[in-house]
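Participant: attaching a predicted model along with its sequence, questions to come.
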Amino acid sequence: MTENKKVQLKVRDNGSILVTGDVELVDAEGNAFETKEKFSLCRCGASKNKPFCDGSHKEIGFQDQIRAK
């Protein structure tokens, strides 16, 4: 019997969204992106590799520190 592990999306301070776990990421047409067990999604809008983070948030000085209520 296999154990289902929860997928985790972690909103990083001043950066990307880190996705960890077995998840399928698809575009608007349902086509799957190639992913690994851990990957980061762009949150700043400046990545040249959208939807993935390429570190551009550091270059543009992206600032955002979201906290759950």
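Facilitator: Thanks, I have the structure now. Residues are numbered from 1 along each chain as shown.

Participant: quick one: Val11 from Leu18, how far?
Facilitator: 8 Å (C-beta to C-beta, to the nearest Å). For glycine as for every other residue, the C-beta is placed from the backbone atoms N, C-alpha and C.

Participant: before we move on, what about Gln63?
Facilitator: Gln63 sits 18 Å away from Leu18, going by C-beta to C-beta.

Participant: those two: which is more packed in?
Facilitator: Leu18 (15 against 10; other C-beta atoms under 10 Å).

Participant: give me the nearest residue to the more buried one, chain neighbours excluded.
Facilitator: Distances taken as C-beta to C-beta, 6 or more residues apart in numbering put Lys10 closest to Leu18, at 4.4 Å, once the chain neighbours are dropped.

Participant: wait, what's in contact with the one you found?
Facilitator: 17-18, 20 (C-beta atoms under 8 Å, 6 or more residues apart in numbering).

Participant: now, these that are in strands?
Facilitator: Among the contacts of Lys10, the members falling in strands (DSSP state E) are 17-18, 20.

Participant: tell me which of the residues you listed is nearest to Ser40?
Facilitator: Leu18 (5.3 Å; C-beta to C-beta).

Participant: which ones are touching the closest one?
Facilitator: Here Leu18 is in contact with 8-10, 12, 38-40 (C-beta under 8 Å, 6+ apart).

Participant: ok, now Lys48?
Facilitator: 54, 56.

Participant: quick one: secondary structure of Ser40?
Facilitator: strand (DSSP: H, G, I helix; E, B strand; the rest coil).

Participant: ok, it - contacts?
Facilitator: 12, 15-19, 52-53.

Participant: is it bridged to anything, and to what?
Facilitator: In this entry, Ser40 is beta-bridged to Leu18, by DSSP bridges.
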